[in-house]
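S.K.: Turn this into a model:
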Amino acid sequence: MVFTLTSGAFDDGGQIPARYTCEGEDVSPPLAWSGAPPATKSYALIVDDPDAPDPDNPRMTWVHWIVFNLPPDSEGLGEAVEQMPGDGAQGVNDWKRADYGGPCPPIGRHRYFHKLYALDAVLSGLSQPTKDELTEAMQGHVLAEVQLVGTYEKTE
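M.R.: Numbers count the residues shown, from 1 in each chain. Okay, here's the model as predicted:
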């Protein structure tokens with residue numbers, strides 16, 4: 001079985017609807033996954049934008065959302081999720097918040113990578129990790145990875 005990540009709100013490579021951005025309600029989009037390896041013990045999700053601040057001159061990757069320790073029987077996250085399933089928890093994004101922060105590009109059309117990792121362990125010792133801390137904790141535990149890319153450009 002192939003590990004897949006999809007959203008009912010946008011297609012891979014497609015535009016993220018304004019509802020999920022700073023120009024809308026800024027709520028998380030629905031995500032669904034399937035086909036993870038049988039040895040999966042948890043999932044981690046990182047949503048980031050490698051085009052910041054300007055896609056013609058990117059200088060950093062802006063982290064929008066970090067989620068980890070999602071249970072192995074989970075099949076996705078609902079729209080505007082507030083409570084993570086099981087022992088799922090959120091890390092600190094680049095707004096210094098442990099929640100979802102939607103696309104809000106200052107200039108141009110940016111790409112938003114939703115990267116889902118199937119892990120062979122439940123990660124311990126983490127309390128609101130940054131992307132770097134989560135990435136370090138996942139070292140040696142990634143069984144499979146899949147990504148979904150959405151784009152967004154402000155209308156104003």
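
S.K.: rest of the way, CA atoms for contacts and neighbours
M.R.: Will do.

S.K.: List of residues touching the helix or strand harbouring Glu136?
M.R.: Element membership of Glu136, judged by DSSP states H and E, is helix 131-138. The set of residues that contact helix 131-138 without belonging to it, under C-alpha atoms under 8 Å, 6 or more residues apart in numbering, is Ile46, Val63, Ile66, Gly91, Val92, Asn93, Leu119, Leu123, Leu126.

S.K.: Can you select the buried ones from these in PyMOL?
M.R.: PyMOL command restricting the contacts of helix 131-138 to the buried ones, with burial defined by 16 or more other C-alpha atoms under 10 Å:
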select buried, resi 46+63+66+91+92+93+119+123
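
S.K.: Which ones among the contacts of helix 131-138 lie within strands?
M.R.: Ile46, Val63, Ile66, Leu119 (DSSP state E).

S.K.: Any idea what the spatially most central residue of the chain is bridged to?
M.R.: Centroid-nearest residue in the chain, with C-alpha atoms, centre = their mean: Val47, separated by 3.0 Å. With DSSP bridges as the criterion, the beta-bridge partners of Val47 are Trp65, His114.

S.K.: and the gap between it and Met1?
M.R.: 24 Å (C-alpha to C-alpha, to the nearest Å).

S.K.: circling back to that earlier point, going by neighbour count, list what's buried in the helix holding Glu136.
M.R.: Lys131, Leu134, Met138.

S.K.: Tabulate those residues in CSV, adding columns for pLDDT and distance to Arg111.
M.R.: Listed next are the buried residues of helix 131-138 as CSV, based on pLDDT from 0 to 100; distance: C-alpha to C-alpha, whole Å:
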residue, pLDDT, distance to Arg111
Lys131, 98, 18
Leu134, 98, 21
Met138, 98, 24
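
S.K.: Among the residues you listed, which one sits closest to Gly102?
M.R.: For the buried residues of helix 131-138, the minimum distance to Gly102 (C-alpha to C-alpha) is 16.1 Å, reached by Lys131.

S.K.: which ones are touching Cys104?
M.R.: Contacts of Cys104 (C-alpha under 8 Å, 6+ apart): Thr21, Cys22, Glu23, Glu153, Lys154.

S.K.: Grab the nearest non-local neighbour of the second one.
M.R.: Leaving out its chain neighbours, the residue that sits closest to Cys22 by C-alpha to C-alpha, 6 or more residues apart in numbering is Cys104, at 5.3 Å.
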